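[1] I need the structure of the sequence given here:
(one chain, ligands or ions: 1)
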Amino acid sequence: MSEAISDKARLLEELRRHIGDCRRCKLCATRTNIVFGEGDPDARVMFIGEGPGRDEDLQARPFVGRAGQLLTAIIEKGMNIPRADAYIANVVKCRPTIDLKFERDRPPEPDERDACGPFLLRQIEIVRPEVIITLGNPSTQYLLGIRQGITSIRGRWFSHNGIPVMPTYHPSYILRNGGDGSALKKDVWEDVKMVLTRLGGNLGEESGRNAFESLEDSPKRDTDVQGRLF
Ligand code: SF4
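    A predicted model of the protein is given here:
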């Protein structure tokens, strides 16, 4: 591990300590765990969702429920890199639910987003990925400061402090709209391909480079068969 990587890991640990047993917004009242985020501090790609769901709240890890399984497939089968090589975080670190019954989730409210968002911004500043992929409306709108919906802006490049940002659909949205057979998966694959192209097919490490090369070379990964990739 290089000095730069260990520095990033240390800074992320410091940020987590700074967040502590956070009570800065009302989501603290209903959470089980704070879900800080996880992944390689030196990741080239960072995924950002809106907030933890039930499974994430219970396990204190981002994207580990059904939507998480789909995101993992997007990373590992679509991008051909281990999930641990990416960095995954959310705009809010505690689960937003519709009521205290913990049955339905909701997007973060503006006050929650404003209270917690700076932690995400600091994570981005520390990791400084080469590309950010925002998943769904709340994370895209927060990071880019825009109001347009994901359907109209996905598949286009934006920028956050000089870091290219590719908005795409949230895995939960795909699950709610057809799941495995959803036509939206084709759109996500198109967005992922643009990210792969931007990264130049080179993760900077041997295994990653081979992974990206195999993604491009393998006939199984032809764009015509995107629906079977994840
Ligand atoms: S959502 Fe963020 S700001 Fe609100 S209590 Fe949790 S960690 Fe603190």
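[2] contacts and neighbour counts: CA atoms only from here.
    Will do.
[3] tell me the contacts of the residue most central in space within the chain?
    Among the residues of the chain, the one closest to the centroid is Phe47, at 2.2 Å (C-alpha atoms, centre = their mean). Residues near Phe47 by C-alpha atoms under 8 Å, 6 or more residues apart in numbering: Ala86, Tyr87, Ile88, Ala89, Ile132, Ile133, Thr134, Leu135.
[4] mind checking how far it is from Cys25?
    Distance, Phe47 to Cys25, by C-alpha to C-alpha, to the nearest Å: 23 Å.
[5] Please list the residues of the protein that sit near the ligand.
    With the criterion set to C-alpha under 6 Å from any ligand atom, the chain comes near the ligand through 22-25, 27-28, 34, 92-94, 112, 115-116.
[6] for this protein, what helix or strand is lowest in average pLDDT?
    Sorted by mean pLDDT, DSSP states H and E, the helices and strands of the chain end with helix 206-217, the least confident at a mean of 36.
[7] out of the contacts of Phe47, which are inside strands?
    Among the contacts of Phe47, the residues falling in strands (DSSP state E) are Tyr87, Ile88, Ala89, Ile132, Ile133, Thr134, Leu135.
[8] so where do the strands sit in the chain?
    Counting by DSSP E, the strands of the chain are 38-39, 45-49, 87-90, 131-135, 158-160, 163-168.
[9] Most neighbours among the residues of the chain next to the ligand, which one?
    Ranked by the number of neighbours (other C-alpha atoms under 10 Å), the residues of the chain next to the ligand place Lys93 first, at 31 neighbours.
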